[in-house]
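Predicted coordinates and the sequence they were generated for:
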Amino acid sequence: MTELLLPAVFTVFAWWFSTGVILWLDRLDPRTFRASLGIATALAALALWGLGETAFDTSLAGAYLAFLCGLMIWAWQEMAFLMGLLTGPRRVPADIDATPLRRFGQAVGAILYHELAILAGAVLIVAFTWGGENLVGLWTYLLLWVMRLSAKLNLFLGVPNLAEEFLPDHLAYLQTYFRRRPMNLLFPLSITGGTIGSLLLFQGATAEGVSASAAAGQIFLGTMFALAVLEHWFLVLPIPSVLLWAWSLRAEARGRARSAWTASLPGPCDPVTLKRVLDDASRGAYGEVETLSGSVRAGSGWVEFYATPRGATISECAAPASAEARVTAVGRGVDLARLQAAIAACAAAEPVPEAT
């Protein structure tokens, strides 16, 4: 039992710790990104070499090393994306009046370079492990790619929880490509496929005659499948997944603040008044607001909004799981008290006066 439990615990820790380190590094001063990516690139190159060396190593140690190497190369991809090195040719919010097909094209443009880099990484791993018997690293990388792509599609199609807290400030515009909806048709397929894949791998690991290294490899992959399914569930269940990495999401001390709050407003917001507040925020009436986003009740439904110094957009959306208004402001010297009062006043009987 220990030989099966240890790889599972190791995988959970590696997933949790590596995710936290990436989130922490991405919230440091951007001037540190070059050094962080330089070190990560060196480690990824070492991991690629390690995959080539372990491809013909069928020992238990070889399985562990291959898993770590595959995870390291994937971590480089995540860092390059979250630090803004490899995103896509489109780096602006989605057009508010875009058709679903056009919005999909814009979303692809927002992450195109990232997806091409992942494809290139897969090709390199295949080349380095070609003909080998130990392909744990390759399958780890491919599994993460498939399940992360599934998560991106679910966010695009619509889920209750958009996990905005995990997006760094410089990628906040990507929120406009997400949709807040109770469910989409892809979600049950993603959950079912991931769960079946996880169970089959666990079953294979416990089959009679399986070597210790092969069993460990399947436990690594089965656990990663299970964790990916858990991340999908975080998108629909009222569970604060951000608490898992609270230690890595602390606000950075660089003259910039990220403030998020929920509020029980006295009633539905007036969209016209809300748009005026957003336009005022874009013009700097509440301080140097870099991004202002959130979702509030308006009329008989809900709207989500996004504002930057370039302008503001409002679009209809489904009610969030918490059924509470949620607002996130990022910037320098933001007058948070006035901004909160202005948004709250949007739901008051009297329209809020235009800020000066």
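Here it is on my side, so go on.

For S293, give me the pLDDT.
Note on S293: pLDDT of 84.

you'd agree it is in a strand?
Yes. If the criterion is DSSP: H, G, I helix; E, B strand; the rest coil, then S293 is within a strand.

quick one: pLDDT of the nearest residue to it once chain neighbours are set aside?
With C-beta to C-beta, 6 or more residues apart in numbering as the criterion, S293 has its nearest non-adjacent residue at 4.7 Å, and that residue is Y306. C-beta here means a position set from N, CA and C on the backbone, and glycine is covered the same way. At Y306, the model reports a pLDDT of 82.

C317 too?
The model reports C317 with a pLDDT of 78.

wait, doesn't it sit right on V296?
No. Taking C-beta atoms under 8 Å as the definition, C317 is not a contact partner of V296, at 9.9 Å.

more crowded one of the two?
The residue with more neighbours, out of C317 and V296, is V296; 25 against 20, by other C-beta atoms under 10 Å.

Which other helices and strands does the one helix or strand that one maps to contact?
Following DSSP states H and E, one finds V296 within strand 288-298. Strand 288-298 sits against helix 271-282, strand 301-308, strand 325-332, helix 336-345, with contacts defined as 3 or more C-beta pairs under 8 Å, 6 or more residues apart in numbering; DSSP states H and E.

Next, the contact list for the residue nearest to E164 when sequence neighbours are not counted, please.
Excluding the flanking residues, the one nearest E164 by C-beta to C-beta, 6+ apart is Q175, at 5.6 Å. Taking C-beta atoms under 8 Å, 6 or more residues apart in numbering, we find Q175 in contact with 162, 164, 167, 293, 306.

Y173 versus the last one, what's the distance?
For Y306, the distance to Y173 under the criterion C-beta to C-beta, to the nearest Å works out to 8 Å.

Mutual contacts of these two, please.
Common contacts of Y306 and Y173, defined by C-beta under 8 Å, 6+ apart, comprise 93, 291.

burial of L174, as a residue count?
Using other C-beta under 10 Å, L174 has 22 neighbouring residues.

Just the pLDDT for it.
For L174, the model assigns a pLDDT of 89.

Surely it is in contact with L167?
Yes. L174 is within contact range of L167, at 6.0 Å (criterion: C-beta under 8 Å).

circling back to that earlier point, if you compare the directions of the strand holding V296 and strand 325-332, what angle comes out?
Interaxial angle, strand 288-298 versus strand 325-332 (axes from the mean of the first three to the mean of the last three C-alpha atoms, to 10 degrees): 170 degrees.

C-alpha coordinates for strand 288-298, CSV please?
Taking Å, rounded to 0.1, in the frame of the first residue of the first chain, the C-alpha atoms of strand 288-298 are listed here in CSV:
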residue,chain,number,x,y,z
GLU,A,288,-5.0,55.5,-11.0
VAL,A,289,-7.3,52.5,-11.6
GLU,A,290,-5.6,50.0,-14.0
THR,A,291,-8.5,47.6,-14.1
LEU,A,292,-12.0,47.5,-12.5
SER,A,293,-14.1,44.4,-13.0
GLY,A,294,-16.9,42.5,-11.4
SER,A,295,-20.5,41.4,-11.6
VAL,A,296,-23.6,43.0,-10.1
ARG,A,297,-27.4,42.6,-10.3
ALA,A,298,-29.0,44.9,-12.8
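
What is the three-state secondary structure of P266?
Three-state assignment for P266 (three-state DSSP): coil.

nearest residue to it other than its sequence neighbours?
Using C-beta to C-beta, 6+ apart, the nearest residue to P266 is A347, at 5.1 Å.

what's near enough to touch that neighbour?
By C-beta under 8 Å, 6+ apart, the contact set of A347 is 265-270, 296-297.

re earlier: so what angle separates the directions of the strand holding V296 and helix 336-345?
30 degrees.

hmm, back to that, where does the residue nearest to P266 land in three-state SS?
coil.

Just the pLDDT for it.
A347 carries a pLDDT value of 82.

Pop out the phi and psi values for the closest residue to E324 other than its chain neighbours.
Spatial nearest neighbour of E324, chain neighbours left out: T262 (4.5 Å); criterion: C-beta to C-beta, 6+ apart. Here is the backbone geometry of T262 (degrees, to the nearest 10): phi -120, psi 150.

Could I get the pLDDT score of T262?
So T262 comes in at 72 (pLDDT).

wait, isn't it in contact with T328?
No. With contact defined as C-beta under 8 Å, T262 does not reach T328; the gap is 10.2 Å.

Now for the spatially most central residue of the chain: which residues touch it?
Ranked by distance to the mean C-alpha position of the chain (C-alpha atoms, centre = their mean), the top residue is F166 at 5.6 Å. The contact partners of F166, taken as C-beta under 8 Å, 6+ apart, are 23, 242, 249.

Look up how far M224 lies from it.
18 Å.

ditto for V21
For V21 relative to M224 (C-beta to C-beta), the value is 17 Å.

who has more neighbours, those two?
Neighbour comparison, V21 and M224: the larger count goes to M224, with 26 against 15 (by other C-beta under 10 Å).

what helices or strands is the strand or helix carrying that one leaning on?
Using DSSP H and E, the element containing M224 is helix 212-234. Here helix 212-234 touches helix 2-26, helix 60-82, helix 136-157, helix 186-205, going by 3+ C-beta pairs under 8 Å, 6+ apart.

just those helices: most buried one?
Of all the helices and strands packed on helix 212-234, helix 60-82 has the most neighbours on average by mean count of other C-beta atoms under 10 Å, namely a mean of 23.

And that helix, what does it pack against?
helix 2-26, helix 33-54, helix 100-129, helix 136-157, helix 212-234.
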